[in-house]
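Peer 1: got a predicted model here, sequence first, then my questions.
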Amino acid sequence: MSRAFVNEERFEQAGGEELVERPVSQHPNYVTPTGALELQTLEESVLAELDALKNSTDDTFGKDKIAELERDLRYVRARLDSAILVDPKTQGHGTVLFGATVEVKDSEGAQHAFHIVGEDEADASINKVSWVSPLAKSLIGQKVGDTVTWHRPVGDIALEILDIHYAS
(Lines give C-alpha, C1' and ligand atoms only; values in the text may rest on other atoms or scores of the structure.)
Protein backbone atom coordinates (compact mmCIF):
# COMPACT_ATOMS: atom_id res chain seq x y z
CA MET A 1 0.00 0.00 0.00
CA SER A 2 1.27 3.44 -0.83
CA ARG A 3 2.23 5.58 2.17
CA ALA A 4 -0.14 8.22 0.75
CA PHE A 5 -3.04 6.04 1.91
CA VAL A 6 -1.80 5.45 5.45
CA ASN A 7 -2.74 7.56 8.44
CA GLU A 8 0.68 9.02 9.24
CA GLU A 9 0.05 9.25 12.97
CA ARG A 10 -0.81 5.56 13.16
CA PHE A 11 2.04 4.67 10.81
CA GLU A 12 4.56 6.43 13.02
CA GLN A 13 3.07 4.82 16.10
CA ALA A 14 3.48 1.40 14.47
CA GLY A 15 7.16 2.24 14.08
CA GLY A 16 7.61 1.74 17.82
CA GLU A 17 6.94 5.21 19.21
CA GLU A 18 5.36 5.22 22.63
CA LEU A 19 1.70 6.22 22.89
CA VAL A 20 1.28 9.37 25.00
CA GLU A 21 -0.92 9.00 28.09
CA ARG A 22 -4.06 11.11 28.36
CA PRO A 23 -3.45 13.94 30.83
CA VAL A 24 -5.30 13.72 34.13
CA SER A 25 -6.45 17.00 35.65
CA GLN A 26 -4.84 18.16 38.87
CA HIS A 27 -8.20 19.50 40.14
CA PRO A 28 -10.41 17.46 42.47
CA ASN A 29 -12.54 15.13 40.35
CA TYR A 30 -16.04 16.21 41.36
CA VAL A 31 -18.77 14.33 39.49
CA THR A 32 -22.54 14.40 39.52
CA PRO A 33 -24.41 11.09 39.73
CA THR A 34 -24.96 11.36 35.96
CA GLY A 35 -21.24 11.96 35.41
CA ALA A 36 -20.33 8.93 37.52
CA LEU A 37 -22.73 6.79 35.49
CA GLU A 38 -21.28 8.15 32.24
CA LEU A 39 -17.74 7.21 33.37
CA GLN A 40 -18.88 3.70 34.35
CA THR A 41 -20.64 3.28 31.01
CA LEU A 42 -17.53 4.50 29.19
CA GLU A 43 -15.38 2.00 31.08
CA GLU A 44 -17.72 -0.84 30.07
CA SER A 45 -17.76 0.34 26.45
CA VAL A 46 -13.97 0.59 26.20
CA LEU A 47 -13.60 -2.84 27.84
CA ALA A 48 -16.06 -4.39 25.39
CA GLU A 49 -14.32 -2.82 22.39
CA LEU A 50 -10.93 -3.89 23.71
CA ASP A 51 -12.05 -7.48 24.27
CA ALA A 52 -13.59 -7.67 20.79
CA LEU A 53 -10.47 -6.26 19.16
CA LYS A 54 -8.08 -8.52 21.09
CA ASN A 55 -10.01 -11.56 19.89
CA SER A 56 -10.15 -10.52 16.25
CA THR A 57 -6.87 -8.97 15.13
CA ASP A 58 -3.24 -9.70 14.63
CA ASP A 59 -2.28 -6.80 12.36
CA THR A 60 -0.13 -3.83 13.33
CA PHE A 61 -2.93 -1.27 13.10
CA GLY A 62 -5.15 -3.47 15.27
CA LYS A 63 -2.39 -3.59 17.87
CA ASP A 64 -2.14 0.20 17.73
CA LYS A 65 -5.89 0.46 18.34
CA ILE A 66 -5.56 -1.96 21.27
CA ALA A 67 -2.81 0.24 22.73
CA GLU A 68 -5.07 3.31 22.36
CA LEU A 69 -7.97 1.54 24.05
CA GLU A 70 -5.75 0.32 26.89
CA ARG A 71 -4.54 3.91 27.39
CA ASP A 72 -8.15 5.17 27.40
CA LEU A 73 -9.11 2.47 29.90
CA ARG A 74 -6.28 3.56 32.23
CA TYR A 75 -7.56 7.15 31.99
CA VAL A 76 -11.20 6.23 32.68
CA ARG A 77 -10.24 4.03 35.62
CA ALA A 78 -8.05 6.77 37.07
CA ARG A 79 -11.00 9.16 36.81
CA LEU A 80 -13.35 6.63 38.43
CA ASP A 81 -10.86 5.97 41.24
CA SER A 82 -10.51 9.69 41.96
CA ALA A 83 -14.21 10.56 41.58
CA ILE A 84 -15.77 12.62 44.36
CA LEU A 85 -19.51 12.14 44.02
CA VAL A 86 -21.56 15.28 44.72
CA ASP A 87 -25.31 14.86 44.72
CA PRO A 88 -26.86 18.16 43.55
CA LYS A 89 -29.94 17.44 45.66
CA THR A 90 -27.85 17.96 48.80
CA GLN A 91 -26.54 21.39 47.76
CA GLY A 92 -27.86 24.60 49.26
CA HIS A 93 -30.33 25.87 46.69
CA GLY A 94 -29.91 29.58 47.37
CA THR A 95 -26.36 29.75 46.02
CA VAL A 96 -24.69 28.58 42.82
CA LEU A 97 -22.63 25.48 43.64
CA PHE A 98 -21.39 22.40 41.82
CA GLY A 99 -24.27 20.62 40.10
CA ALA A 100 -26.43 23.73 39.73
CA THR A 101 -28.29 24.71 36.61
CA VAL A 102 -28.07 28.48 36.45
CA GLU A 103 -30.37 30.60 34.34
CA VAL A 104 -28.84 33.94 33.40
CA LYS A 105 -29.59 36.98 31.25
CA ASP A 106 -26.72 38.62 29.39
CA SER A 107 -26.24 42.36 28.84
CA GLU A 108 -28.14 42.13 25.53
CA GLY A 109 -31.18 40.55 27.18
CA ALA A 110 -30.64 37.00 25.88
CA GLN A 111 -31.31 34.23 28.39
CA HIS A 112 -29.11 31.18 28.81
CA ALA A 113 -28.97 28.18 31.13
CA PHE A 114 -25.70 26.54 32.18
CA HIS A 115 -25.26 23.33 34.15
CA ILE A 116 -22.09 23.24 36.28
CA VAL A 117 -20.61 19.75 36.16
CA GLY A 118 -17.37 17.79 36.46
CA GLU A 119 -14.56 18.14 33.94
CA ASP A 120 -15.35 14.84 32.19
CA GLU A 121 -19.05 15.72 31.95
CA ALA A 122 -18.54 19.14 30.39
CA ASP A 123 -20.03 19.58 26.93
CA ALA A 124 -20.43 23.14 25.66
CA SER A 125 -22.82 22.03 22.91
CA ILE A 126 -25.44 21.25 25.58
CA ASN A 127 -24.42 24.02 28.01
CA LYS A 128 -22.70 21.72 30.51
CA VAL A 129 -19.69 23.66 31.80
CA SER A 130 -16.83 22.39 33.92
CA TRP A 131 -16.72 23.69 37.47
CA VAL A 132 -13.16 24.93 36.78
CA SER A 133 -14.13 26.92 33.67
CA PRO A 134 -14.04 30.74 33.77
CA LEU A 135 -17.84 30.82 33.41
CA ALA A 136 -18.47 28.47 36.32
CA LYS A 137 -15.87 30.24 38.47
CA SER A 138 -17.70 33.53 37.92
CA LEU A 139 -21.05 31.96 38.90
CA ILE A 140 -20.11 29.74 41.87
CA GLY A 141 -20.99 31.34 45.20
CA GLN A 142 -23.44 33.82 43.70
CA LYS A 143 -27.19 34.18 44.33
CA VAL A 144 -30.30 35.02 42.31
CA GLY A 145 -30.22 38.72 41.40
CA ASP A 146 -26.42 38.95 41.45
CA THR A 147 -24.60 40.17 38.35
CA VAL A 148 -21.25 38.60 37.48
CA THR A 149 -18.65 39.24 34.84
CA TRP A 150 -17.74 36.32 32.62
CA HIS A 151 -14.20 36.88 31.35
CA ARG A 152 -14.05 35.47 27.81
CA PRO A 153 -11.31 35.59 25.18
CA VAL A 154 -13.66 37.55 22.90
CA GLY A 155 -14.50 40.04 25.63
CA ASP A 156 -16.12 40.23 29.02
CA ILE A 157 -19.87 39.93 29.36
CA ALA A 158 -22.16 40.71 32.29
CA LEU A 159 -24.59 38.00 33.37
CA GLU A 160 -27.51 38.50 35.75
CA ILE A 161 -28.50 35.35 37.65
CA LEU A 162 -32.22 34.75 37.21
CA ASP A 163 -32.66 31.29 38.74
CA ILE A 164 -30.70 28.48 40.37
CA HIS A 165 -31.98 24.93 40.51
CA TYR A 166 -30.62 21.49 41.22
CA ALA A 167 -31.65 18.16 39.78
CA SER A 168 -30.00 14.77 40.01
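Peer 2: The structure has been received and is ready for your questions.
Peer 1: helix, strand or coil for the residue nearest in space to the middle of the chain?
Peer 2: The chain has residue 120 as the residue nearest its centroid, 2.4 Å off, counting by C-alpha atoms, centre = their mean. Three-state call for residue 120 (DSSP: H, G, I helix; E, B strand; the rest coil): coil.
Peer 1: with residue 78 instead?
Peer 2: Per three-state DSSP, residue 78 ends up helix.
Peer 1: from memory it sits against residue 24, does it?
Peer 2: Yes: applying C-beta atoms under 8 Å, one finds residue 78 in contact with residue 24, separated by 5.5 Å. (Glycine included, C-beta is placed from N, CA and C.)
Peer 1: for the helix or strand that contains residue 41, which positions count as buried?
Peer 2: Per DSSP states H and E, residue 41 falls inside helix 33-54. Buried residues in helix 33-54, counted by 16 or more other C-beta atoms under 10 Å: 34-36, 38-39, 42-43, 46, 50.
Peer 1: for stretch 111-126, same thing?
Peer 2: Quick answer for stretch 111-126 (16+ other C-beta under 10 Å): 114-122.
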